[in-house]
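> What would the 3D arrangement of this be:
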Amino acid sequence: MRVLVTGAGGNIGRAVCARLAAEQVQTHALVLAEPAPSTVEHSVTGDAGDPATVRAAIGAGVDAVVHLAAIPSPLNDPPLDVFAGNTRATFNVLEECARAGVRRAVIASSYSILGLRFAERELHPAYYPIDERTPLQIEDAYSLSKHADEATAAMMHRRHGLDIVALRFPFTADWDRLRTTASTCDRDPSTMAADSWSYLHVDDAAEAVWLALTRPVTGFHPLLLAAPRTMSDLSTMDLIARYHPQTELRASIPGTATPISTGAIERLLGFRATRSL
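Below you'll find the predicted structure:
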């Protein structure tokens, strides 16, 4: 098995490359500027939105692609650059890989597709637990780019027969960054209210990618995932009552369990996050 990982030098990308190396998978890496992980066999430096660069990264051929390359938020770049850069890269990577014969892809979508995380005003989910049918309330370029990326993936399935899983990652980081964020959340739970106090360890993210690459999945599937408990020691129902009081509750959420439904990814991929704060 040969896999192309775009954004291989990033937060999730390095964890994915390590997971692939553990499975003795031949890994091709595309990085924008940072060094590629030492575990990869073939690496190219350049923009994922450039067709020639992606063709060079594919090299002698790959069986699957993990597309993680993106501007990761709307906070540090002009909105046009965020939207145009992210959507161009996703279209280009999937198109070039499909033309090279690839039939399996995993792309990084985001919990932010809901629109809550980066909105300039306070927004609230339509209901809890959040699931893949929760209405979107997009007001920023990054969330819009993820919405367009998922539409692109669905089109690529219809156009080329690519089977694609779009993983809607929540806040995803290593232990140090997770603990720092959790400490801030303990002092002020409102800092993570737009995220529904959800998170994921990078190694769990890599495991989800591995399952999305190897499980017998056909079609296009956007999937939410998160650690099983929230960042807060307060009960999830109390947090919702305080910070999202108008949000409809469709089911009781026990203890500090995440208010994000992970049933779809559990059924389709057999994935459950195992790393909790």
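
> For this protein, which segments are assigned as helices?
11-22, 51-58, 79-99, 141-160, 175-187, 202-214, 236-243, 263-269 (DSSP state H).

> For residue 126, find the nearest of those.
helix 236-243 (12.8 Å; C-beta to C-beta). In short, each C-beta sits where N, CA and C put it, glycine included.

> now that closest one: how far from the chain's centre is it?
The chain centre lies 25 Å from the centre of helix 236-243; the measure is C-alpha atoms, centre = their mean, to the nearest Å.

> circling back: wait, which of the helices of the chain is closest to residue 133?
It's helix 263-269; of the helices of the chain, that one is closest to residue 133 (C-beta to C-beta) at 9.7 Å.

> Report the buried residues of the closest one.
Within helix 263-269, the residues scored as buried using 16 or more other C-beta atoms under 10 Å are 264, 265, 268, 269.

> residues contacting the residue nearest to the second one when sequence neighbours are not counted?
It stands for residue 265. Spatial nearest neighbour of residue 265, chain neighbours left out: residue 223 (4.3 Å); criterion: C-beta to C-beta, 6 or more residues apart in numbering. Counting by C-beta atoms under 8 Å, 6 or more residues apart in numbering, residue 223 touches 132, 165, 166, 167, 168, 264, 265, 268, 269.

> re earlier: looking at the buried residues of helix 263-269, spot the one nearest residue 97.
Distance to residue 97, by C-beta to C-beta, is smallest for residue 269 among the buried residues of helix 263-269, at 20.6 Å.

> Tell me, how many residues neighbour the residue nearest to the closest one when sequence neighbours are not counted?
Among residues not flanking residue 269 along the chain, residue 211 sits closest, at 4.2 Å (C-beta to C-beta, 6+ apart). Here the number of neighbours of residue 211 (other C-beta atoms under 10 Å) works out to 18.

> what about residue 211, distance to residue 271?
Per C-beta to C-beta, to the nearest Å, residue 211 is found 5 Å from residue 271.

> same deal with residue 235?
25 Å.

> What of residue 133?
The value you get for residue 133 to residue 271, if C-beta to C-beta is used, is 19 Å.

> Then residue 47?
For residue 47 relative to residue 271 (C-beta to C-beta), the value is 31 Å.

> ok, those two, which is more surrounded?
residue 271 (22 against 16).

> What pLDDT does the model give residue 159?
Residue-level confidence at residue 159 comes out at 97, pLDDT.

> now do residue 60
Reported pLDDT for residue 60: 89.

> What of the one 4 residues further on?
pLDDT recorded at residue 64 is 98.

> The one 4 residues further on too?
If you check residue 68, the pLDDT there is 98.

> Look at it and say how many residues are nearby.
Applying other C-beta under 10 Å, I find that residue 68 has 28 neighbouring residues.

> and the residue nearest to it when sequence neighbours are not counted, how many neighbours does it have?
Leaving aside its chain neighbours, residue 68 sits nearest to residue 7 (3.5 Å; criterion: C-beta to C-beta, 6+ apart). When neighbours are defined as other C-beta under 10 Å, residue 7 has 25 of them.

> Would you mind measuring from residue 7 to residue 128?
Counting by C-beta to C-beta, the gap from residue 7 to residue 128 is 31 Å.

> sorry, that was for residue 86
Residue 86 is 28 Å from residue 128, by C-beta to C-beta.

> would TSV of the contacts of residue 223 with distance to residue 141 and pLDDT be doable?
What follows is the contacts of residue 223, written out as TSV (distance: C-beta to C-beta, whole Å; pLDDT from 0 to 100):
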residue	distance to residue 141	pLDDT
132	22	98
165	24	98
166	18	98
167	20	98
168	17	98
264	27	98
265	26	98
268	29	98
269	29	98
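
> As a markdown table, those residues with distance to residue 193 would be great.
Conversion of those to a markdown table gives the following (distance: C-beta to C-beta, whole Å):
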| residue | distance to residue 193 |
| --- | --- |
| 132 | 21 |
| 165 | 28 |
| 166 | 25 |
| 167 | 23 |
| 168 | 18 |
| 264 | 24 |
| 265 | 23 |
| 268 | 29 |
| 269 | 28 |
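
> Nearest to residue 91 among those residues?
Of the contacts of residue 223, the one sitting nearest to residue 91 (C-beta to C-beta) turns out to be residue 166, at 13.8 Å.
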